[in-house]
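Participant: need a structure here:
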Amino acid sequence: MFKNKLIITGVMGAFFIASCSNEMAIEPTAEDNSYSEFVDALESTGGKAFAEFMACEAGADFNVENVTKMISDWQKLITAESLFGVWGYVPAADTNAFGDTLWWELNWNSKEEADAEWSAWVQNEDAQSWAEEYSNVMVCDGEGRNSFESVYPILPNTYGDVNESGYFYAEFHQCKFNDGSNRKNAEDFLPGFTNAVSNSSYDGTGYSYANYFAHENEGGSHADDNVDFLWGNFTNSKDSMDKANASFEKDVRADMFPLFSEFATCAEVPDVYHAWTFYIGDNKEFMPDFTVGD
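Facilitator: Below is the predicted model of the structure:
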């Protein structure tokens, strides 16, 4: 279906950069406030959003020229006011749970608005033509996209500006609730963790974090019964993630990890990604610079 093809743009660019990074990448710079509109949008919703993640893999016609043109052409078709952020992720380690799977994350104001926009997309002739034109660049599982209710206790720009290029480094922990625990326990934990971070040395890392709570299907089950929620950490570079993790070990773990362990258990090794911002709803002039990254 054409609906499947919508999801291919975001992560495609990230995959391209990973394959070329040894030749092209330069140090990321944090000298822009490109995320200000996204931050404003999140603040207006109380730091919450409806998030969707889609899995993708490169197609036969995947190359630099096609990737660049595809993203540019896709952005011209997006009119949804309820879509306020899109990000692409490419694995940064071979230990990731889903191997070399690429991901595209979309943040919406609500599930209802997201469903409505997806429905409208398949009726849009220009969108269908675009999808057909680029159908061999990337193949994605649109029907199987995973839904989450996301919470952002620390927003981008809190501990340093984001990169003008749109590049960032991401860490995702897959977590399950312990018996007798639930989302309320997790959300009650977040203010204490946020405060502990504020009393440590995260400055300059661009650190932010989010919890993604698996959205229940109509039958009451989660899209993935192995994951109740994802804990995502984000920084402006791999070095910054190392610094943030060192600060966690030094100042945060001793007090906060025992409290966390009372209600949840996470995979021992996080999934790590190079990532780029692909779309900011209130800053439609923004385009990522794929020559910048770790």
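Participant: domain parsing for the chain?
Facilitator: Residue ranges for the domains of the chain, per automatic domain parsing: 2-25+33-147, 150-272.
Participant: start to end distance for the shortest one?
Facilitator: By Cα to Cα, to the nearest Å, the extent of domain 150-272 from end to end equals 19 Å.
Participant: ok so, going back, any chance of JSON lines for the domains of the chain, columns mean neighbour count, distance to Lys284 and mean pLDDT?
Facilitator: For glycine as for every other residue, the C-beta is placed from the backbone atoms N, C-alpha and C. Compiled in JSON lines, these are given as follows (neighbours: other Cβ atoms under 10 Å; distance: least, Cβ to Cβ, whole Å; pLDDT from 0 to 100):
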{"stretch": "domain 2-25+33-147", "mean neighbour count": "18", "distance to Lys284": "7", "mean pLDDT": "76"}
{"stretch": "domain 150-272", "mean neighbour count": "17", "distance to Lys284": "14", "mean pLDDT": "92"}
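Participant: could you export these as JSON lines, including distance to Phe278?
Facilitator: What follows is the domains of the chain, written out as JSON lines (distance: least, Cβ to Cβ, whole Å):
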{"stretch": "domain 2-25+33-147", "distance to Phe278": "5"}
{"stretch": "domain 150-272", "distance to Phe278": "7"}
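Participant: relative to Asn283, which of these is closest?
Facilitator: When these are compared by Cβ to Cβ, domain 2-25+33-147 sits nearest Asn283, at 4.4 Å.
Participant: picking that back up, for the domains of the chain, which one sits closest to Asp289?
Facilitator: Asp289 lies closest, by Cβ to Cβ, to one member of the domains of the chain: domain 150-272, at 3.8 Å.
Participant: surely Leu230 meets Glu171?
Facilitator: No. Using Cβ atoms under 8 Å, Leu230 is not in contact with Glu171, being 10.2 Å away.
Participant: export the helix or strand hosting Ala55 as CSV, just CAs?
Facilitator: Using DSSP states H and E, Ala55 falls within strand 48-58. Extracted in CSV, the C-alpha atoms of strand 48-58 (Å, rounded to 0.1, in the frame of the first residue of the first chain):
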residue,chain,number,x,y,z
LYS,A,48,3.6,14.7,26.1
ALA,A,49,3.0,13.4,22.6
PHE,A,50,1.7,10.4,20.6
ALA,A,51,4.7,8.7,19.1
GLU,A,52,5.0,6.1,16.3
PHE,A,53,8.1,4.1,15.4
MET,A,54,8.4,2.3,12.1
ALA,A,55,11.0,-0.2,11.0
CYS,A,56,12.7,0.2,7.6
GLU,A,57,15.4,-1.2,5.3
ALA,A,58,17.1,0.2,2.2
